[in-house]
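Need coordinates for the following:
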Amino acid sequence: MLGPAVYDELDGLLAAEDAALADRYPGDRPGRQPLHTVYVPADKVTEDLPSRWGAAALAALDEHGLPYDADLHDRIAAKLRTEPVEDLRIDFEDGYGHRDDAVEDAEARRAAGILATRPAPFSGIRMKCFEAPTRHRAIRTLDLLLDALGGVPDGFVVTLPKVTSVAQVEAMAALCRRLDPALRFEIQIETSQSILGPDGTALVARMVHAAGGLATGLHYGTYDYSAACGIAAHHQSMDHPAADHAKAVMQVAAAGTGVRLSDGSTNILPVGDRDAVHAAWALHLRLVGRSLERGYYQGWDLHPAQLPTRFAANYAFFRAGAPLAARRLSAWLDRADSGFLDEPATARALAGFLRRGLECGALEREPYAELVDRA
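The predicted model follows:
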């Protein structure tokens, strides 16, 4: 039999790896993840934007209807009245464009005033990218906004777009540490270089770790990434094979790190006559549901009339899966037979599914909360 010295020797050999594993892969980030990010150009944002979007979404729902039972319809309507926007991102990048410095300076200060009112549970800005032509403008906007805010509010995050190198992520982390230790940022993956670097490696994985724990999310940019890959405009979509490949790489890179994933958006908006709205809603429902099935629990919305289908897809997804998930988790906890040979990792996934359903309002606390607490 091996003696204690051998155990100690192997522990010593692996001590550095044990510490690195715990540091690099701390597990899921605690707390609620928003179902969506609403992204609006800075000059279009007002303090009452969430309530205006909620009212517009309710009007679309009342006018055109959705094919769901009364309970789900009432649940969606209640959400639109009380919390129509979960995550608001004030956009200073593509949606805003290039303005005179004095104009963007003033807009940054005005945005700070809006953010100070806590218009949504989660909020932030999308700054311009760190490429040379826009880098100084990006830094100045963030600096002015945080100075006007007087600090980093709870739930605030900055989106760094068009990331093309690990060095840009390192620079963003250095900027965050200089501006405020509480500042966190998201990495928007919308360039081909972030998925496959010049050395043939997936740079997004290195980006996650280069952030030094300050990156909270990876957000997929549907149209910039598709265009970078040479996909024709009328074929650019969230479910294109190129998009699926990019998001699969992102998913593996983020797994276990505490960095969350967000899918992109569809630019086919539910506007026009009833047929056009229903067609856009059917597309949005399918795409959001598809993202959920693939483990993307967040996405981007660009128009108030996309909110009914955002919440409808999420509520239907969690409500449909909850009974079986609860039965399997209960059986695993009680060492009973469920008809499934579930393992600890699957039990954690079942509990995580129910937890998300509770956090987003799709599920009632009973009987699910007790199971999640036990797990």
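
So in terms of bridging, what pairs with the residue sitting nearest the centre point of the chain?
Centroid check for the chain by CA atoms, centre = their mean gives S262 as the closest residue, at 3.3 Å. When assigned by DSSP bridges, S262 has beta-bridge partners H219.

Report the separation between it and T201.
Noted for S262: a distance of 23 Å to T201, by CB to CB, to the nearest Å. Where C-beta positions appear, they are placed from N, C-alpha and C, glycine not excepted.

Read off the pLDDT value for L72.
Looking at L72, its pLDDT reads 89.

For stretch 112-130, measure first residue to last.
21 Å (CA to CA, to the nearest Å).

just how off-centre is that stretch within its chain?
15 Å (CA atoms, centre = their mean, to the nearest Å).

Check stretch 224-240 too.
20 Å.

Any chance you could list what contacts it?
Residues from elsewhere that reach stretch 224-240 (CB atoms under 8 Å, 6 or more residues apart in numbering): 94, 161-162, 189-192, 195, 222-223, 242-243, 246, 263-266, 287, 290-291.

Would you mind listing which of these are buried?
Neighbour counting with 16 or more other CB atoms under 10 Å marks 94, 161-162, 189-192, 195, 222-223, 242-243, 246, 263-266, 287, 291 as buried within the contacts of stretch 224-240.

E170 contacts A210, correct?
Yes - shown here, E170 and A210 form a contact pair, counting by CB atoms under 8 Å, at 5.0 Å.

Looking at the two, which is more packed in?
Each of E170 and A210 has its neighbours counted (other CB atoms under 10 Å); A210 has more, 20 against 15.

re the thing from before, touching, the residue nearest to the centre of the chain and T222? I think so.
No - in this structure, S262 is not within contact of T222 by CB under 8 Å, at 11.1 Å.

for stretch 143-161, what is the average pLDDT?
Here the average pLDDT along stretch 143-161 is 96.

what about L49, how many neighbours?
20.

Check the one 10 residues further on too.
Using other CB under 10 Å as the criterion, A59 is surrounded by 13 other residues.

does it sit in a helix, a strand or a coil?
For A59, the assignment made with DSSP: H, G, I helix; E, B strand; the rest coil gives helix.

Quick check: it vs T266, distance?
Distance from A59 to T266, by CB to CB: 21 Å.

do you know how far the closest residue to L146 other than its chain neighbours is from D101?
With sequence-adjacent residues excluded and distances taken as CB to CB, 6 or more residues apart in numbering, L146 is closest to L179, at 5.7 Å. Distance of L179 to D101, given as CB to CB: 19 Å.

Those two - which one has more neighbours?
L179 (17 against 12).

and A313, what does it touch?
H284, L285, V288, G289, L292.

okay, those in CSV with secondary structure, neighbour count and distance to R126 next?
Shown next, in CSV, are those (DSSP: H, G, I helix; E, B strand; the rest coil; neighbours: other CB atoms under 10 Å; distance: CB to CB, whole Å):
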residue, secondary structure, neighbour count, distance to R126
H284, helix, 27, 21
L285, helix, 18, 26
V288, helix, 27, 21
G289, helix, 17, 26
L292, helix, 21, 24
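
Distance of the residue lying closest to L302 once chain neighbours are set aside relative to H284?
The shortest distance from L302 to any non-neighbouring residue, by CB to CB, 6+ apart, is to S265 (5.3 Å). With distances taken as CB to CB, S265 is found 9 Å from H284.

cool, A276 as well?
Distance from A276 to H284, by CB to CB: 13 Å.

Are there residues contacting both of these two? Which ones?
In contact with both A276 and H284: P270, using CB under 8 Å, 6+ apart.

Look up phi and psi at V157.
Backbone torsions of V157, given as degrees, to the nearest 10, read phi -150, psi 150.

Isn't it up against R126?
No - contact criterion CB under 8 Å: V157 and R126 do not qualify, at 9.9 Å.

Neighbour count: the two, which is higher?
Remark: of V157 and R126, R126 carries more neighbours, 27 against 20, as counted by other CB under 10 Å.

which secondary structure element contains R319?
For R319, the host element (DSSP states H and E) is helix 307-333.

mind listing what's buried in whichever helix or strand comes after that helix?
Past helix 307-333, further along toward the C-terminus, the next helix or strand under DSSP H and E is helix 344-359. Buried residues in helix 344-359, counted by 16+ other CB under 10 Å: A347, A349, L350, A351, F353, L354, R355, R356, G357, L358, E359.

Out of those, which comes closest to L146?
E359 (28.4 Å; CB to CB).

Now that closest one. Nearest residue, chain neighbours left out?
That would be R32: by CB to CB, 6+ apart, it lies 4.6 Å from E359.

List phi and psi for that neighbour.
Torsion angles, degrees, to the nearest 10, at R32: phi -70, psi 140.
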